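Trainee: A structural model of the following input is requested.
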Amino acid sequence: MKPLLKIHHNDNVAVATRDLATGEEFPEFALTLIEDIPRGHKVALVNIARLGNVIKYGFEIGGSLEDIAAGSHVHSHNLKTNLKDGTQYQYAPIAVKHSPAQKEHSFNGFRRANGKIGIRNEVWIINTVGCVNRTAQRIAQICSQRFFGQADAFVAFTHPYGCSQLGDDLKDTRAILASLLTHPNAGAVLVVGLGCENNQMAALLEQAGDYDPSRLRFYNSQQVGDEIEEGVNAIAEMLPLLAQDKRIECPASELVLGMKCGGSDAFSGITANPLVGRMADKITNIGGTAILTETPEMFGAEQILMNRATNAKVYGQIVDLVNEFKQYFIDHNQPIYENPSPGNKAGGLTTLEEKSLGAIQKGGQAAITQVLNYGEPVANKGLVLLQAPGNDAVSSTALAASGAHLVLFTTGRGTPLGFPVPTVKISSNSDLAQHKPHWIDFDAGTVLDGVSMDECADLFFNQLLQFASGQLTKNEINDCREIAIWKRGVTL
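Mentor: Just a heads-up that it's a prediction; the model follows:
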């Protein structure tokens with residue numbers, strides 16, 4: 001492994017791949033360190049004048065607060081964001097390069113009555129309101145024992161919302177739940193309500209729209225006797241249909257991949273995120289779909305995405321996506337550009353531009369064909385942007401609700417989180433993969449050890465096809481699955 005990694009030929013900083021000590025010499029850069037450099041942090045390759053631009057990934061990641069000598073540590077003490085409020089955008093479309101046609105890829109999935117493909121045959125229990133969380137959990141527990149082996153899993157996706165909500169909050173709760181009701185990874189769905197909540201059963205089912213009535217049961221707990229046994233019996237009625245479901249060969253172009261990062265470190269934008277970007281390019285190149293979200297983690301790199309819009313209409317939708325989220329910060333009297341998190345900074349990330357340039361690597365190079373509102377199902381093929389915050393649980397749930405079969409979750413620091421769909425954890429460094437093998441599904445840190453990105457991408461894509469065909473991810477093995485819904489307004 002090279003101890004210093006220069007990412008782009010125009011960069012004036014490099015990243016330390018191990019802890020470096022004062023006095024170490026790097027002849028390839030004509031550089032001698034004049035400070036210790038922690039692993040994952042940046043070192044100046046040349047002298048950078050006060051107020052000069054610091055360049056990483058070939059783009060500005062901020063301005064220097066002081067004169068920075070070559071060989072110095074570059075971080076929060078001498079580097080600040082250059083981002084300012086009131087940014088003006090201009091559409092400057094670029095020609096998106098398409099990869100050569102690839103061989104046909106396939107996986108084994110379940111064809112649903114509406115033509116959609118599922119990669120799991122599970123029973124999902126979804127509650128309209130937090131008041132019946134425990135009811136949903138008990139139903140899932142009983143079914144897991146009583147009907148063991150008759151479905152891939154029996155899972156309750158509980159949440160604290162559905163009542164005492166107004167306006168957009170109620171709309172968001174209903175949108176997420178309605179989209180989950182029709183997700184093809186669920187072979188059957190039970191919806192459990194209370195009866196008096198704001199999120200009324202009839203309105204939820206109406207919003208869900210195209211669902212298979214033979215594979216969905218629902219009731220309000222206030223209107224039945226034993227609400228738990230009612231749910232267990234309802235699921236029992238649907239299990240014979242699941243017994244008839246068989247995996248069939250499906251083209252990989254049917255897959256929808258969700259792209260997410262959490263607990264990023266300085267290597268995330270160098271290894272794991274570009275690897276996921278390769279998956280976005282591979283899947284869109286064969287006619288599939290990739291969804292990129294975490295709107296605030298586009299700040300500072302949004303113009304790059306805007307220029308990849310397929311047309312002026314999509315460009316305008318991306319502008320609205322970004323500006324609406326900035327307004328969300330302003331409405332709550334919060335600074336727009338106070339990010340990265342403390343954990344990100346400890347790992348070597350300094351400014352939002354740096355974090356965002358690394359984060360959007362997950363979107364690869366594909367053209368952007370659609371912009372989705374929060375909770376909206378995906379309709380177009382290609383690379384799609386989804387409105388959602390950076391919060392891991394909220395944005396990953398949104399990816400699943402919009403139709404992702406798999407969430408590709410990159411991390412440099414690790415997390416056990418899992419969501420409604422298989423959540424594939426990709427480590428940006430091998431230390432994490434070795435320390436937390438029960439969390440991590442794929443080690444992208446091998447890129448730092450000399451494995452080519454092309455080789456790594458081929459291995460990972462084949463692994464994704466195995467996950468799509470039924471191989472369990474670590475979050476599934478650990479039974480770590482949940483949902484989280486974005487709360488933006490008033491609670492009564």
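Trainee: Can you tell me the SS state at the nearest residue to residue 429 once chain neighbours are set aside?
Mentor: Excluding its sequence neighbours, the residue lying closest to residue 429 (CB to CB, 6 or more residues apart in numbering) is residue 445, at 4.1 Å. In this view, the C-beta of every residue, glycine as well, is placed from N, C-alpha and C. Assigned with DSSP: H, G, I helix; E, B strand; the rest coil, residue 445 falls in the helix class.
Trainee: isn't residue 445 right next to residue 426, touching?
Mentor: No. Residue 445 lies out of contact with residue 426 (CB atoms under 8 Å); the separation is 9.5 Å.
Trainee: more neighbours, those two?
Mentor: Neighbour comparison, residue 445 and residue 426: the larger count goes to residue 426, with 29 against 26 (by other CB atoms under 10 Å).
Trainee: Next up, the contacts around the more buried one.
Mentor: 272, 275-276, 408-411, 440-444, 460 (CB atoms under 8 Å, 6 or more residues apart in numbering).
Trainee: That one belongs to a strand?
Mentor: Yes. Remark: residue 426 belongs to a strand, assigned using three-state DSSP.
Trainee: For the stretch 101-250 of the chain, which segments are assigned as strands?
Mentor: 106-111, 117-118, 122-127, 154-157, 186-193, 216-220, 248-251 (DSSP state E, counting those that start in this stretch).
Trainee: Just send the ones you listed back as JSON lines, with mean neighbour count too.
Mentor: Formatted as JSON lines, those follow (neighbours: other CB atoms under 10 Å):
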{"stretch": "strand 106-111", "mean neighbour count": "19"}
{"stretch": "strand 117-118", "mean neighbour count": "21"}
{"stretch": "strand 122-127", "mean neighbour count": "26"}
{"stretch": "strand 154-157", "mean neighbour count": "25"}
{"stretch": "strand 186-193", "mean neighbour count": "26"}
{"stretch": "strand 216-220", "mean neighbour count": "19"}
{"stretch": "strand 248-251", "mean neighbour count": "14"}
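Trainee: JSON lines for those strands, including distance to residue 314 and mean pLDDT?
Mentor: JSON lines is the format used below for the strands of the stretch 101-250 of the chain (distance: least, CB to CB, whole Å; pLDDT from 0 to 100):
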{"stretch": "strand 106-111", "distance to residue 314": "29", "mean pLDDT": "98"}
{"stretch": "strand 117-118", "distance to residue 314": "26", "mean pLDDT": "98"}
{"stretch": "strand 122-127", "distance to residue 314": "32", "mean pLDDT": "98"}
{"stretch": "strand 154-157", "distance to residue 314": "32", "mean pLDDT": "98"}
{"stretch": "strand 186-193", "distance to residue 314": "30", "mean pLDDT": "98"}
{"stretch": "strand 216-220", "distance to residue 314": "34", "mean pLDDT": "98"}
{"stretch": "strand 248-251", "distance to residue 314": "25", "mean pLDDT": "97"}
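Trainee: Tabulate those strands in a markdown table, adding columns for distance to residue 264.
Mentor: Shown next, in a markdown table, are the strands of the stretch 101-250 of the chain (distance: least, CB to CB, whole Å):
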| stretch | distance to residue 264 |
| --- | --- |
| strand 106-111 | 29 |
| strand 117-118 | 30 |
| strand 122-127 | 30 |
| strand 154-157 | 26 |
| strand 186-193 | 31 |
| strand 216-220 | 38 |
| strand 248-251 | 33 |
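Trainee: quick one, which of these is nearest to residue 466?
Mentor: Residue 466 sits nearest to strand 106-111 of all the strands of the stretch 101-250 of the chain, at 7.9 Å, using CB to CB.
Trainee: and the angle from the closest one to strand 186-193?
Mentor: Orientation note: strand 106-111 sits at an angle of 40 degrees relative to strand 186-193 (axes from the mean of the first three to the mean of the last three CA atoms, to 10 degrees).
Trainee: Tell me where the model's unsure across this structure.
Mentor: Scanning the chain with the threshold set as pLDDT under 70 gives 86, 97-103, 338-339.
Trainee: All the helices of it, residue numbers only.
Mentor: Using DSSP state H, the helices of the chain run over 133-146, 167-181, 201-208, 227-244, 272-285, 302-306, 312-331, 342-347, 352-359, 392-401, 430-435, 453-468, 474-477.
Trainee: Tabulate those in a markdown table, adding columns for mean neighbour count and distance to residue 37.
Mentor: Formatted as a markdown table, those follow (neighbours: other CB atoms under 10 Å; distance: least, CB to CB, whole Å):
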| stretch | mean neighbour count | distance to residue 37 |
| --- | --- | --- |
| helix 133-146 | 18 | 48 |
| helix 167-181 | 21 | 43 |
| helix 201-208 | 16 | 53 |
| helix 227-244 | 16 | 56 |
| helix 272-285 | 25 | 21 |
| helix 302-306 | 20 | 28 |
| helix 312-331 | 16 | 33 |
| helix 342-347 | 16 | 13 |
| helix 352-359 | 27 | 16 |
| helix 392-401 | 26 | 29 |
| helix 430-435 | 17 | 17 |
| helix 453-468 | 17 | 24 |
| helix 474-477 | 19 | 32 |
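Trainee: which one of those lies closest to residue 382?
Mentor: Within these, the stretch nearest residue 382 is helix 272-285; the backing value is 5.1 Å (CB to CB).
Trainee: Which strands and helices lie in contact with the closest one?
Mentor: strand 256-261, strand 289-292, strand 382-386, strand 406-411, strand 423-427, helix 453-468 (3 or more CB pairs under 8 Å, 6 or more residues apart in numbering; DSSP states H and E).
Trainee: For the last one, name the packing helices and strands.
Mentor: By that I understand helix 453-468. For helix 453-468, the packing partners by 3+ CB pairs under 8 Å, 6+ apart come out as strand 106-111, helix 272-285, strand 406-411, strand 423-427.
Trainee: and of these, who's closest to residue 21?
Mentor: Closest to residue 21 of the helices and strands packed on helix 453-468, according to CB to CB: strand 423-427, at 25.8 Å.
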